[in-house]
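# Any chance you could fold what I've pasted below:
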Amino acid sequence: MYFNESMTLTMLSFAVPGQGTLYARTAHRCASPHIAVQWSPAAGLLSEKSENKTSAGKAGDLGPQINHSPAEVLEYNSKNVTMAHRFSGEENRWGFVRSERRKGIPVNRRTDRKAYLVLSDGTVFEGRRFGAEGDSTGELVFTTGMGGYVETLTDPSYYGQIIMQTFPLMGNYGIMEEDFEGECCCSGYVVREFTDQPSNFRCEYDLDTFLKNKGIPGIYGIDTRELTRMIRESGTMNAIICSDPPEDLSEVKAYEVRNAVKSVTCKEPYIVPAEGEKKYNVTLIDYGAKRNIPRMLAERGCEVKVVPSNTTASQILSEDPDGVMLSNGPGDPTENTACVGELKKLINKVPIFGICLGHQLMCLAFGGKTYKLKYGHRGVNQPATEIVDGETGRTFITTQNHGYAVDPDSLSDVGYQSFTNANDGTCEGMTYPDLSCFTVQFHPEAHAGPHDTGFLFDRFIKMMEEDKNA
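Have a look, this model is predicted:
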């Protein structure tokens, strides 16, 4: 196995199904141009060779020697992984695992159970199953985050969707329930590779266990780069994770995400107390709210009352809140006609701050229009550029998760565009200056980061303070 000088590895193990496990231990940083670990078919032994070693790149001790000979050489470089293998007329796959370092016990929870990801256009991807059993249909979307998969999987905005991660390895640091943003509402999970032995002092259990507990089917071993290219070129499409590809795709093609907000909103109101001195009362309308929204408000002295999406404007105003927060949520914003009708009654009655779906619903309440994007914005690296006095200002890296966008031209008589997406120029924020309201498409509360736009909560606090003193 070859490591280039950018590698930072402490232990690797390669499991050959039915054959055994190959171990290799290296220094924390390999500065050597080439360090090769070779499994010799002839000798059936591990051997190690190094060229141009430096003290910083000295290879460590090797693990147990295993007298098997299924492969010749494994090569790794920064661009490609090449796995040369030879089995007695039988094709097998290499399963990457992380072994328990102290005990040296290899753990491989991967299986040879085939699974298929079948797209609504008939394209079939073969992979291996993990997570829960069963078939599942959903709208296939991709997200570009390198981390934050815990928050992604527990974001209610993914209701009815099959999540595909573009980053090739998920599950590295396990699952921490403290980081959950809500209930897991997605329909499936697609990854190139997952880690079944995570390494993190906060880890409670692994990704595979999480998916099993939540009843979410997963599939790994998929060429996610090719799949991402297909979605970018053809647009978001439906798909099914299944054990056998269906001959009739009519149900997959007809699938729609419906009644999304009704399915994820809270059933009863609840209170999130302010941290420290209570300064403001805020009502948060839950369209699928992430838990970090009330947490960010509570940190700023707000007592937050979280209410279901069907709460009426009269019920909200009867409690005389200092401000109203509109949360994120899933689905097509135009489906929520009753919610839009109640928001119209709140306009100019109380300061309003909307996020994601709340941004879109407020647009509809003001008489504007929304439209569906080709493949949406999902990930933790979306650039949003602020617009100040008609000129572009600072660009912030933001977390986003949405498939619909606001048409800012349809709102030109009541507000102005405050943020624009630096990639495709779509609307990322609106400000309604005479009506004590502003909204953004991205997530300033993103728990997994980035936290660049957290100042928008301070802007909301300032708006409430000015309204109280008016």
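
# how close does residue 402 sit to residue 281?
Plainly put, residue 402 is 29 Å away from residue 281 if you go by C-beta to C-beta, to the nearest Å. Glycine gets a C-beta too; all of them are placed from N, C-alpha and C.

# And for residue 430?
Distance from residue 430 to residue 281, by C-beta to C-beta: 25 Å.

# and if you look at residue 127?
Per C-beta to C-beta, residue 127 is found 50 Å from residue 281.

# Residue 402 and residue 281 - which one has more neighbours?
Set side by side, residue 402 and residue 281 show more neighbours around residue 402, with 24 against 16, by other C-beta atoms under 10 Å.

# I figured the more buried one was touching residue 379, is that so?
No - applying C-beta atoms under 8 Å as the test, residue 402 and residue 379 come out as separate, 11.1 Å apart.

# which of the residues in whichever helix or strand residue 228 is part of are buried?
In this assignment (DSSP states H and E), residue 228 forms part of helix 224-234. Applying a neighbour-count criterion of 16 or more other C-beta atoms under 10 Å, one finds 224, 227-228, 230-231 buried in helix 224-234.

# again, but for stretch 166-184
Of the residues in stretch 166-184, 166-167, 170-175, 179-182, 184 count as buried by neighbour count, 16+ other C-beta under 10 Å.

# In a markdown table, list those along with distance to residue 257.
Shown next, in a markdown table, are the buried residues of stretch 166-184 (distance: C-beta to C-beta, whole Å):
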| residue | distance to residue 257 |
| --- | --- |
| 166 | 21 |
| 167 | 24 |
| 170 | 23 |
| 171 | 26 |
| 172 | 30 |
| 173 | 30 |
| 174 | 29 |
| 175 | 25 |
| 179 | 25 |
| 180 | 22 |
| 181 | 19 |
| 182 | 16 |
| 184 | 16 |
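
# ok, of the residues you listed, which one's closest to residue 235?
residue 166 (16.2 Å; C-beta to C-beta).

# Okay, that closest one and residue 199: tell me how far apart.
Residue 166 sits 22 Å away from residue 199, going by C-beta to C-beta.

# Verify the contact between residue 344 and residue 365 for me.
Yes - look at residue 344 against residue 365 with C-beta under 8 Å: they come within range, at 4.8 Å.

# Buried residues, the top strand by length along the chain. List them.
Counting by DSSP state E, the longest strand found in the chain is strand 369-388. Judged by neighbour count (16+ other C-beta under 10 Å), strand 369-388 contains these buried residues: 370, 373, 375-380, 382-387.

# Direction included, what does it pair against?
Strands adjacent to strand 369-388 in the sheet, as given by DSSP bridges, are strand 391-407 (antiparallel), strand 416-421 (antiparallel).

# any chance of the ones you listed in a markdown table, plus mean pLDDT and distance to residue 301?
Formatted as a markdown table, these follow (pLDDT from 0 to 100; distance: least, C-beta to C-beta, whole Å):
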| stretch | mean pLDDT | distance to residue 301 |
| --- | --- | --- |
| strand 391-407 | 92 | 24 |
| strand 416-421 | 96 | 25 |
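
# Most tightly packed of the ones you listed?
strand 416-421 (a mean of 21; mean count of other C-beta atoms under 10 Å).

# how distant is it from the center of its chain?
Chain-centre distance of strand 416-421: 24 Å, with C-alpha atoms, centre = their mean, to the nearest Å.

# contact partners of it?
377, 382-387, 392, 408, 426-431, 433, 438, 440-442 (C-beta atoms under 8 Å, 6 or more residues apart in numbering).

# Contacts only, for residue 361.
287, 326, 333, 336, 339-340, 343, 354.

# mind running it again at 6 Å?
By C-beta atoms under 6 Å, 6 or more residues apart in numbering, the contact list for residue 361 reads 333, 339-340, 343.

# Tell me how far it lies from residue 329.
For residue 361, the distance to residue 329 - C-beta to C-beta - is 8 Å.

# Show me the shaky parts of the chain.
The model of the chain has pLDDT under 70 over residues 1-111.

# residue closest to the middle of it?
By C-alpha atoms, centre = their mean, the chain has its centre lying nearest to residue 152, at 3.3 Å.

# Helices along the stretch 301-450 of the chain, start to end?
313-317, 337-344, 357-365 (DSSP state H, counting those that start in this stretch).

# re earlier: what helix or strand is the residue nearest to the centre of the chain located in?
Going by DSSP H and E, residue 152 is part of helix 149-153.

# Against which helices or strands is whichever helix or strand comes after that helix packed?
Counting by DSSP H and E, the next helix or strand C-terminal to helix 149-153 is strand 161-165. Contact here means 3 or more C-beta pairs under 6 Å, 6 or more residues apart in numbering; DSSP states H and E; on that basis strand 161-165 packs against strand 136-143, strand 188-190.

# For the longest one, which strands pair with it and how are they oriented?
Translated: strand 136-143. Strands adjacent to strand 136-143 in the sheet, as given by DSSP bridges, are strand 161-165 (parallel), strand 237-242 (antiparallel).
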